[in-house]
Structure formats: C-alpha cells, structure tokens
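A.B. asks: How does the following fold in three dimensions:
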Amino acid sequence: MAAASSSSTPVEKTTERRGIPGAQFVEDVETYLSQTGLDVNSALAFLQERLQQYKLVEMKLLAQQRDLQAKIPDIEKCLDVVATLQAKKGTGEALIADFEVSEGIYSRARIEDSDSVCLWLGANVMLEYSCEEATSLLKKNLENAKASLEVLIADLQFLRDQVTVTQVTIARVYNWDVHQRRIRQAAATASAKDS
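C.D. replies: A predicted model of the protein is given here:
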C-alpha cells in the first residue's frame, strides 16, 4: 500500500483532504503496473482495499452528518425558547410550557420571570447561564454546527469523487487484464495453427 501511494509518478495526481487520501486516475494501466511494481491481481486487491476504506470513511461521515443535522434544529429550538423567555421577562406574565421529562413523558411548567436558563452541555452536565450568555453560547454553537456541516458535506463530495475514480480505475485495470489475456490467447491460437 505504501509503495503505491508514496511514489511520485506522472500517473499519480493524488491530493488529500482532511486525512482522506486522494485516488489516482490511471490513464495507462501498463505504465501504472510497471511503476508501482504490482501485478494485476495485486493492483486490483490494493484498489479494492482502498475502495473499502473509502466506504468505511463514508459511513462515518454520513453518521456525523446525521448527528449534525439533528443537532442544528435542537440548537435553533433552544434559541427560540431563550428568546421567548427574554420576551416574556418583565411583562409580569408567566409562561406556560410543556417539556419532555423523558422519552414520551411530558410535564407542564409555569415559568415566572427568570434571569437565567440551564443548558445541557452533554456528558450529563448542565450549567446555568444568564439569558444573554445562553443566547450568545447557542448562537456560537449554531454557527459552529453549520460550519461543521458545510465542511462535512464538502468532505463527502470529495470522498464520493475518490470512490468514483477508484471504481473507474478498478474497471480499467480489470478490462486491460482481460484484453491482454485475449491477445495472449489469440497469439497462442495463431501459433498453434501455424505449427
């Protein structure tokens, strides 16, 4: 694996994006095989392994994408709740809210004027913040989540391009091998007829 990816040859124009190795498009299979020092079966095995690595990374990135896509609406909902609390503050009017205690279990709460809110930070940690601090923190978290999602989408697109290039390379190497076998078989048949 290292021999194929570390040599700098005109065939290889690989790049890397955030730890994802770039795939190389093989223009001339014979040159590729001679430069890497691999036979057809070894080259196909290497390419199949790389394809599996790409698929594994893709699964991980898709899971991260799903998590972020679920996290963003939660942050937006928290921002809305804090904004509602701030809007009700000072009016003397209590806010009646239904909140989820546990999955499928809700309770009704009467919220009087409050200068602070408690936010779950994760890992069973909750901290109390002033409404202004909470708004600032939630906006920052929302911006970070959206930026992370954009980077993740770009990574997924890069990864899909690498998968496509690798699949095309596998097909080219396999087809070249089939073509070479047919040429050898035709030559063997022709020499058998001549003798």
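A.B. asks: What values do phi and psi take at E27?
C.D. replies: Dihedral pair for E27: phi -80, psi -50, per degrees, to the nearest 10.
A.B. asks: Low-confidence stretches in this protein?
C.D. replies: 1-14, 195 (pLDDT under 70).
A.B. asks: Could you list every helix and strand that the strand or helix carrying S42 packs against?
C.D. replies: Per DSSP states H and E: S42 is located in helix 40-88. Applying 3 or more CB pairs under 8 Å, 6 or more residues apart in numbering; DSSP states H and E, we find helix 40-88 packed against strand 20-21, helix 29-36, strand 95-102, strand 116-122, helix 131-194. Backbone N, C-alpha and C define where each C-beta goes, glycine included.
A.B. asks: Now distance to L85 too, for those, in a markdown table please.
C.D. replies: Formatted as a markdown table, these follow (distance: least, CB to CB, whole Å):
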| stretch | distance to L85 |
| --- | --- |
| strand 20-21 | 43 |
| helix 29-36 | 63 |
| strand 95-102 | 7 |
| strand 116-122 | 7 |
| helix 131-194 | 6 |
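A.B. asks: Can you pull up the most central residue in this structure?
C.D. replies: Central residue of the chain (CA atoms, centre = their mean): L61, 2.5 Å from the mean position.
A.B. asks: Give me the angle between the helix holding S42 and helix 131-194.
C.D. replies: Angle of helix 40-88 versus helix 131-194, following axes from the mean of the first three to the mean of the last three CA atoms, to 10 degrees, is 160 degrees.
A.B. asks: got a list of contacts for stretch 53-66?
C.D. replies: Under the criterion CB atoms under 8 Å, 6 or more residues apart in numbering, residues I20, A23, L149, L152, I153, D155, L156, L159, R160, Q162, V163, T166 lie in contact with stretch 53-66.
A.B. asks: Identify each buried residue in that stretch, please.
C.D. replies: Across stretch 53-66, burial judged by 16 or more other CB atoms under 10 Å covers Y54, V57, E58, L61, Q65.
A.B. asks: what's the answer for stretch 186-195, then?
C.D. replies: Of all the residues in stretch 186-195, not one is buried under the rule 16+ other CB under 10 Å.
A.B. asks: gap between it and the chain center?
C.D. replies: 54 Å (CA atoms, centre = their mean, to the nearest Å).
A.B. asks: what do you get for stretch 155-166?
C.D. replies: The chain centroid and the centroid of stretch 155-166 are separated by 10 Å, computed with CA atoms, centre = their mean.
A.B. asks: just stretch 46-63 next, same as before
C.D. replies: 10 Å.
A.B. asks: now swap in stretch 149-159 and tell me
C.D. replies: Centroid separation for stretch 149-159 versus its chain: 6 Å, with CA atoms, centre = their mean.
A.B. asks: quick one: contacts of it?
C.D. replies: 17-18, 20, 54, 57-58, 61-62, 64-65, 68-69, 72.
A.B. asks: For these, work out which two are farthest apart.
C.D. replies: Within the contacts of stretch 149-159, two members stand farthest from each other by CB to CB: Y54 and I72, at 26.4 Å.
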